[in-house]
Every structure is written in C-alpha cells, then in structure tokens.
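Q: here's a sequence, model it:
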Amino acid sequence: MIIFIEISTIILYNKTEVKTMITEKIKTLKKQSKMTAHELSEKSGIPLPTIHKLLSGETRNPKYETLKAVVTALDYQLELAPQQNREQARYSEAEIRMMTLYRQLSTDGQALLYENLAQLLHYEKDRNLKKAAEPLRELPLYLLPASAGIGSYLDSDQYEFRSFSSGTTPVAAKYAVRVSGDSMEPAFYNGDIVFVEPAAHLEEGDVGIIVINSEGYIKQFRDQQFISFNPKYPPILPNEYDAVRIAGRVLSKYN
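A: Numbers count the residues shown, from 1 in each chain. You can find the predicted model right below:
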C-alpha cells in the first residue's frame, strides 16, 4: 500500500510540517503492525537511536530517506504525488486543519470519516432540495413575546413578516409569536416560535395566547384557570377586576 503526500502540500506547509505529518503516520502504522522499535530498526536499516528519536518527536526534521526506509519496513511505500493544479492547493485554514487531522487517523478511521462525510453530504443535498421545492408562507411574527413567565405587553404593532415553510405551517395560523420565559417548559422553551389561530375563547386543555390587563401570556386553559406546564409557576386565576382577552389558540410550535 502507498502513502501519498501531494507535492502541493509543500506550498501550504513548510518542509518540517510535511515531515511531521509523515512521522505521525509512521507512528500509527507501527502501532498497527505491533513491531517493536528494535524490529523496525533491523528491517529498515536505520539505527535504533534514530528510530527512537523519530518516534518520540525529538527529531523535528528527519531526512526524507530515513522516513521512506521506515515506511518501507512497515510494508508501505512513500510517494510524493505530483501537483496537478496549483489552484487546487489554495485551501482555507479550516481545510488545512481538517487535512492535518485526517492524516493522523488510522486507515480504518479515515474510511469511517469518509463514510460519515458522504452520508452528511447526501443528507444536506436532500434537505436543500426539499427546502427549494417547498413553497413558503409569510406570517407576521410579533417581536414582543408572549410571556411564559411574567406578562409581556402583546397589543402592539411591533412585528415583522417572516417566511415559513408551508408544509410545517398550520393552515389556520394567521400569525406567530415568540415565547419568552420558562414557565411552559418542557413543551415550549424560551425563544420558541408558536403558530397562532385567532380565537375569542379556549376549550378545556387548549394552549392559548391570553392578554390580561394588556400583558400577554402563553398558558393552558384548564379548570377556569391559566396553567403553566412548569410546576414552579402557580396558576393564574383572574379576578373580577382584571381585563382578560383571548388573543388566539396555539396550534403548534415552529420546528
């Protein structure tokens, strides 16, 4: 089997860094072969002290002939593949880091990484195709959140229009609201967006947007009270002097 080190990498790294990558690969191959340093020295013809310095990293700039002899002793070949296109050597810093880590993996590790990357690429292509095919629907998203804790003013014109996938947006939804607070966890978390259908009243068990004295809440209507899913928050039971208005019924959460 052949270890290819592209000559183009010399453009990206200095020669010492290239040799360091080869040395790291040698360490991996030696571990896989279960050869001792003494056996590697005898088979390669490289003095044992040199082998020890190479494997320990003490030798920062080993001779290419030394590296090639050690690789050959491990039943591999070291070849410098010619650069085909200089433009292809212009990698980003992130790509260089990825290549450096990749070359330190074992053969099995490289194969596993390649398989996972191929699956990820297939997933992203499929997802992008689906996104491109799905029609979008624009709804007003209220910027002032319906509170999942203390109340927040909801009757305002502070909203923006936002596009949502038609496939995930309920047909009856006329607007969306961003939740704040933690009183409706684990069903609704801080920052979640919920789709709302305008409604003047709620049925038992419905989750709705309620305005009490001009403050907006997202709560469940149950037993004539407005309930939080998080047990650390007590139910809200409006009194006769409170101005209560149902702003809408929550249909689903935006995923």
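Q: my guess is Ala247 is in a strand, correct?
A: Yes: in this structure, Ala247 lies within a strand as judged by DSSP: H, G, I helix; E, B strand; the rest coil.
Q: correct me, but it touches Val211?
A: Yes: between Ala247 and Val211 a contact is recorded at 5.4 Å, counting by CB atoms under 8 Å. Every residue, glycine included, has its C-beta placed from N, CA and C.
Q: Phe188: neighbour count?
A: If you count neighbours by other CB atoms under 10 Å, Phe188 ends up with 22.
Q: same check, this time on Asn230
A: For Asn230, using other CB under 10 Å, the count is 16.
Q: using the three-state scheme, assign it.
A: coil.
Q: can you pull the contacts of it?
A: 182-185 (CB atoms under 8 Å, 6 or more residues apart in numbering).
Q: out of these, list just those in strands.
A: Assigned to strands by DSSP state E, none of these qualify.
Q: how about low-confidence regions in the stretch 1-150 of the chain?
A: Across the stretch 1-150 of the chain, the ranges flagged by pLDDT under 70 are 1-18, 79-91, 129-134, 144-150.
Q: and the strands in the protein, which stretches?
A: For the chain, applying DSSP E gives strands covering 2-6, 77-81, 136-147, 152-153, 159-165, 175-180, 193-197, 207-212, 215-222, 225-227, 244-253.
Q: distance to Lys63 and mean neighbour count added to those strands, as JSON lines?
A: Below are those laid out as JSON lines (distance: least, CB to CB, whole Å; neighbours: other CB atoms under 10 Å):
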{"stretch": "strand 2-6", "distance to Lys63": "15", "mean neighbour count": "14"}
{"stretch": "strand 77-81", "distance to Lys63": "12", "mean neighbour count": "14"}
{"stretch": "strand 136-147", "distance to Lys63": "62", "mean neighbour count": "17"}
{"stretch": "strand 152-153", "distance to Lys63": "71", "mean neighbour count": "18"}
{"stretch": "strand 159-165", "distance to Lys63": "60", "mean neighbour count": "13"}
{"stretch": "strand 175-180", "distance to Lys63": "64", "mean neighbour count": "21"}
{"stretch": "strand 193-197", "distance to Lys63": "62", "mean neighbour count": "22"}
{"stretch": "strand 207-212", "distance to Lys63": "72", "mean neighbour count": "22"}
{"stretch": "strand 215-222", "distance to Lys63": "70", "mean neighbour count": "22"}
{"stretch": "strand 225-227", "distance to Lys63": "76", "mean neighbour count": "18"}
{"stretch": "strand 244-253", "distance to Lys63": "63", "mean neighbour count": "18"}
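Q: which among the contacts of Asn230 count as buried?
A: The neighbour-count test (16 or more other CB atoms under 10 Å) marks 182-185 as buried among those.
Q: let's have these in TSV, adding distance to Glu65 and pLDDT.
A: Putting these into TSV (distance: CB to CB, whole Å; pLDDT from 0 to 100) gives the following:
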residue	distance to Glu65	pLDDT
Asp182	66	87
Ser183	71	87
Met184	69	90
Glu185	65	89
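Q: run a quick neighbour tally on Ala37.
A: If you count neighbours by other CB under 10 Å, Ala37 ends up with 15.
Q: that one reaches Thr50, doesn't it?
A: No: assessed by CB under 8 Å, Ala37 is found out of contact with Thr50, at 10.1 Å.
Q: lovely, talk soon.
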